[in-house]
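Q: whatever this is, show me its structure:
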Amino acid sequence: MTIEDIAQKAIDSPPGHISVTKDDVNAYCEQKQISTSLFLEKFARYIVEGYVTGRFTWHSCDTAMNNLSGLMAQYALMPDYPWGVFLAFDAGEHHPNTPNLTADEVTRPLIDEIIAKHHVA
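A: Take a look at the predicted model:
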């Protein structure tokens with residue numbers, strides 16, 4: 001399974017359901033010989049890249065990051081970059097102080113800040 005396969009599985013998840021499993025993550029990490037923390041980072045970076053290039057919609061990214069959040073909770077790991085990306089999409093879901101903005105208008109500046117902070121695209 002590739003990072004693309006895992007991300008697509010997360011994107012295709014029904015609302016409120018975590019489709020990506022620890023078995024998926026463990027198999028990927030074993031295959032690539034990487035840590036779970038590095039997987040979480042690679043996944044979040046893949047989602048951000050898809051978002052900023054327009055390959056993925058806001059909704060697709062939000063769904064994927066909700067899946068990743070569930071995995072972070074299961075592993076009790078919340079690395080800075082993936083957690084920040086999750087929070088950026090979560091802010092788009094819940095923005096009562098900015099009711100006239102779309103979810104994308106709330107999330108995009110937060111993602112831009114994360115990219116600048118971590119020097120990634």
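
Q: just the residues contacting the strand or helix carrying residue 23, thanks.
A: Assigning secondary structure by DSSP states H and E places residue 23 in helix 22-32. Helix 22-32 is contacted from outside by 1-3, 6, 9, 35-36, 38-39, 71, 74-75, using CB atoms under 8 Å, 6 or more residues apart in numbering. Using the backbone N, CA and C atoms, a C-beta is placed for each residue, glycine as well.

Q: alpha carbons of that helix, as PDB, please.
A: Output in PDB follows, covering the C-alpha atoms of helix 22-32 (Å, rounded to 0.1, in the frame of the first residue of the first chain):
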ATOM      1  CA  LYS A  22      -3.400   0.700  12.600                       C
ATOM      2  CA  ASP A  23      -2.800  -2.400  10.500                       C
ATOM      3  CA  ASP A  24      -2.600  -0.200   7.400                       C
ATOM      4  CA  VAL A  25      -0.100   2.200   9.100                       C
ATOM      5  CA  ASN A  26       2.000  -0.600  10.600                       C
ATOM      6  CA  ALA A  27       2.200  -2.400   7.300                       C
ATOM      7  CA  TYR A  28       3.300   0.800   5.500                       C
ATOM      8  CA  CYS A  29       5.800   1.700   8.200                       C
ATOM      9  CA  GLU A  30       7.300  -1.800   8.100                       C
ATOM     10  CA  GLN A  31       7.500  -1.800   4.300                       C
ATOM     11  CA  LYS A  32       9.200   1.600   4.200                       C
END
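
Q: residue 52: neighbouring residues, count only.
A: Residue 52 sits with 15 neighbouring residues when counted by other CB atoms under 10 Å.

Q: next one: the helix or strand where it lies to chain centre, how far?
A: Here residue 52, judged by DSSP H and E, is contained in helix 36-53. From the chain centre to the centre of helix 36-53 is a distance of 6 Å (CA atoms, centre = their mean, to the nearest Å).
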